[in-house]
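got a predicted structure plus its sequence, pasted below:
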Amino acid sequence: MGFLSPEVPAAAACLHCGLPSHGARFCCHGCEGAYDVINGMGLGGYYLRRLLDPAARALKPEPEARTDLARNIVTTVDGTHTLMLAVDGLQCAACVWLIESILAREADVQTGRVNMTTRRLRLAWRGDMARADHFCQIVERLGYRLVPFDPACLTENTDKAGRALMRALAVAAFAAGNVMLISLGTWFGLTQNMGPATRDLMHWFSALIALPAIAYSGMVFFRSAASALRHGRTNMDVPISIGVILVTCMSLWQTSIGGVHTYFDSAVTLLFFLLIGRVLDQRARGQARNTAEQLLLLRAADVSVLQQDGSVRRMPQSAVAAGDLALVGMGERVGVDGVLESRHASLDTSLVTGESLPESVTHGVKIFAGTINLGAAIQLRVAATGDSTLLAECVRLIEAAEQTRGKFVILTDRVARFYAPAVHLCALSTFIVWWALLHRGVSDSLMAAAAVLIITCPCALALAVPAVQVIATSRLFRAGILLKSPTALERLALVDTAVFDKTGTLTEPSLVLAGHAPAPALRVAAAMAAHSRHPLCRALVHASGGGRMEAGVIEHPGQGLEKDGIRLGSRVFCGLELGEAAGPELCLVQPGETPVIFTFAESLRHDAASTMDVLQKRGLHVEIASGDQLPSVQRVAAALKIADFHGRLSPVQKSNRIEALRAAGHHVLMVGDGLNDGPCLAAADVSAAPASAADISQTVADVVFQGDGLAPVAAVLRMARLASGAMRQNLALSIGYNAVMLPLAACGYVTPWLAALAMSSSSIAVMLNSLRLQRVKL
Amino acid sequence: MSSLLWLIAISLCLGSGALALFLWALRSGQYEDLEGSASRILFDDD
């Protein structure tokens, strides 16, 4: 017990979730209940050993509509049910222990294991399938949030590729170690009169170990090289493969004729070094992709569909058919495109159109997926799924934009284009000079040519770029920035123009309390608002600093909240005769006091101004492309000192603006969050989206950044430039090394031990240079 | 001379044993959750 430094709760913090509780022991009933459950089961040690993670979701139980679990349960023939769930709210290892312990108390649970890296819970049990609901409930009661998912649609493929790489690495490591051991023996033996028979035996042993290892581990490179050649292209794997194969054949031939030198050790060590680079690269990117998937998964919303018999069933978006009647509760996100059946609705469409103020729509108007229902629960008739939806339109635009983007050729491939022919030409000319001009015999000439191939084998060169990428990617990952595309860093380094969307990107994704509100009224209102999931109520609670929760509050859906004559809600609900509201607002009436009106507005992200300043100081051209009304775009542009702005742009116009910039020779970074930004994210040279962005925008974007600031945009650009610099230094380093060693090899001075030494030292130099990025302050 | 043969054979056996162990560990999913495994040894068994 107490292996982590015990947490001392601040006097005014909730004992369960750690949020401010204004003097009380708990901030709400949910937390009190969770605390009792944990202590009641004798698991109170949890509170002593946990460390609250401020970045994770607070451990506050929030009742939420139960999703339909049945469709994700897999049942095997022996009657075992398995369910995979994404877990939200994990703070530290103690949470893993708590969840696993509490599930272990259930007699029929066979496995309840949390993977802390991927933040997923695997649940297996026997017997009744419907028990899943109960299991989820006991975990959710503690404040975690569980989202079921189908493991088949996630990362399965990358997992397999990762394991194949690991196996190849293990085999190469084994072979490299043993062959090097034997080679060392022969090298020292050469200076101490080792007999030719012993030497030959050693060479045969080396061949015995090296050949299968090269055949197995080398496949990674051979396959990639073959597929590049088939498509008439070349990449770094081509010179690697040719080098390894030729050197192996040469060494085998030398062994068979009893030659002095073989290069098996070089060939295997080369594969070993390169595979380390590949595995690390795969890991770093797998981790970033995993987290990006998790973000999307936790937001995947089910759709409530009204059945014939009047009951409501929650089903995934894909299972909803056109013509179904969908229900959207207050504060809920609309999951499907449809036509409004209710008389009236107030919608937050910022994620779809970029419009910052709520929109009022009436019966028969089309509503798009991704909007948030701010008013009373509404019903909508699901529109024809397929080509007519806004989403489908955006997907079509994105596909078109991606085609025009063309294929970006990464740095190493550009180098490989001239590198491979050059080294093979060098080796060939070495052979010809030795054989035809110096008349040294086929064997000696071939050995000289092989030495050239070994020395020029692009070990350091092939590590030059991946090493930098791995370190930069994991450094950014720790800062909450997810690099999804392997070429993103190189493309980011070229950026000279940054285009920002306004709503949700430069501004906060949700509305905030505007103007001055009297503190006592705010406290009363926030205590009531804590009961509602309505976005305005959330903003109110946020403004008061996460207040206490009032007991006995009644929610009148779509109208407001009430308790003992105190009312919080719309003007009509509060009985105020003041005419139409100018913007989003909440009214508070208390008996015997003057009514208070809280107004809400969009606010700039806290570091928007400083980030724009940094970008412009670095010489980037910054502009705003928004779908919102021109005056509000103008206001934001003025506040951020951005001279170039465009308002009222449709997705197509936004995309055209990006194309125009690119046609003028600029390299454009697009930062956006909305559904309407999808096409221009795809059209830009490189794109970034905040984690609050629409699903499709996050999927398209090369970079996804977490947190509530814009500073990551500046950080990722800075890191990209540093990384690009480090890549170039590495390339210069390894090409310089080749330039020095190549003449020596061509003259026949390079023996196997010298080759091994030179190859390792150049690789290590490149790695050390890349490691400098680890210390960069973002 | 024969000692050399023995030593090489033994080292190869040990090496391939280790390789086999690693491949087994990889196959049985022990590398799937490195972060969790690091903390798990500290949990109480109950």
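That came through fine.

what's the neighbour count on A:S510?
18 (other Cβ atoms under 10 Å in any protein chain shown). Every C-beta, even on glycine, is put in place using the N, C-alpha and C of the backbone.

would you say it is within a strand?
No - looking at A:S510 with DSSP: H, G, I helix; E, B strand; the rest coil, it is coil, so not inside a strand.

up against chain A, what does chain B have?
B:1, B:4, B:8, B:11-12, B:15-16, B:18-19, B:22-23, B:26, B:31-36, B:39-40, B:42-44, B:46 (Cβ under 8 Å from any Cβ of the partner chain).

quick one: buried ones out of those?
B:8, B:12, B:15, B:19, B:22-23, B:26, B:33, B:36, B:39 (16 or more other Cβ atoms under 10 Å in any protein chain shown).

now render those residues as TSV, adding secondary structure and pLDDT.
Shown next, in TSV, are those (DSSP: H, G, I helix; E, B strand; the rest coil; pLDDT from 0 to 100):
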residue	secondary structure	pLDDT
B:I8	helix	87
B:L12	helix	89
B:G15	helix	90
B:L19	helix	93
B:F22	helix	93
B:L23	helix	93
B:L26	helix	89
B:D33	coil	82
B:G36	helix	84
B:S39	helix	84
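
now the two most distant members of those residues.
The two members of these with the most space between them (Cβ to Cβ) are B:I8 and B:S39, at 41.6 Å.

so where do the helices sit in chain B?
B:2-27, B:34-40 (DSSP state H).

which residues sit in contact with A:M767?
Under the criterion of Cβ atoms under 8 Å, 6 or more residues apart in numbering or on different chains, the neighbours of A:M767 are A:463, A:467.

next, A:T76: phi, psi?
The phi/psi pair for A:T76 (degrees, to the nearest 10) reads phi -90, psi 170.

give the helix, strand or coil label for the closest residue to it other than its chain neighbours.
For A:T76, ignoring the flanking residues on the chain, the nearest one in space by Cβ to Cβ, 6 or more residues apart in numbering or on different chains is A:T82 at 7.3 Å. For A:T82, the assignment made with three-state DSSP gives strand.

is there a neighbour count for A:T82? I'd like the number.
Quick note: A:T82 (other Cβ under 10 Å) scores 16 neighbours.

check contacts around residue 35.
No chain in the question, so chain A it is. Shown in contact with A:Y35 (Cβ under 8 Å, 6+ apart): A:15-16, A:26.

you looked at the wrong chain, it should be chain B
Per Cβ under 8 Å, 6+ apart, neighbours of B:E35: A:116-117.

go with 10 Å
A:93, A:96, A:115-119 (Cβ atoms under 10 Å, 6 or more residues apart in numbering or on different chains).

now for these: which two are most distant?
A:A93 and A:T118 (14.5 Å).

which SS state does A:T111 fall under?
strand.

so it bridges to which residues?
Per DSSP bridges, the residues bridged to A:T111 are A:A124.

just the strands in the stretch 301-450 of chain A please.
With DSSP state E, counting those that start in this stretch, the ranges of strands along the stretch 301-450 of chain A come out as A:303-306, A:312-315, A:325-328, A:338-340, A:344-348, A:359-362, A:366-367, A:372-373, A:378-382.

in CSV: these, plus distance to chain B and mean neighbour count.
Shown next, in CSV, are the strands of the stretch 301-450 of chain A (distance: least, Cβ to the nearest Cβ, whole Å; neighbours: other Cβ atoms under 10 Å in any protein chain shown):
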stretch, distance to chain B, mean neighbour count
strand A:303-306, 33, 20
strand A:312-315, 30, 15
strand A:325-328, 37, 21
strand A:338-340, 41, 20
strand A:344-348, 37, 21
strand A:359-362, 44, 14
strand A:366-367, 42, 20
strand A:372-373, 34, 23
strand A:378-382, 39, 20
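
just put these in TSV and tack on distance to A:Q294 and mean pLDDT.
TSV is the format used below for the strands of the stretch 301-450 of chain A (distance: least, Cβ to Cβ, whole Å; pLDDT from 0 to 100):
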stretch	distance to A:Q294	mean pLDDT
strand A:303-306	21	81
strand A:312-315	21	76
strand A:325-328	25	86
strand A:338-340	28	88
strand A:344-348	25	81
strand A:359-362	31	82
strand A:366-367	28	85
strand A:372-373	22	80
strand A:378-382	28	87
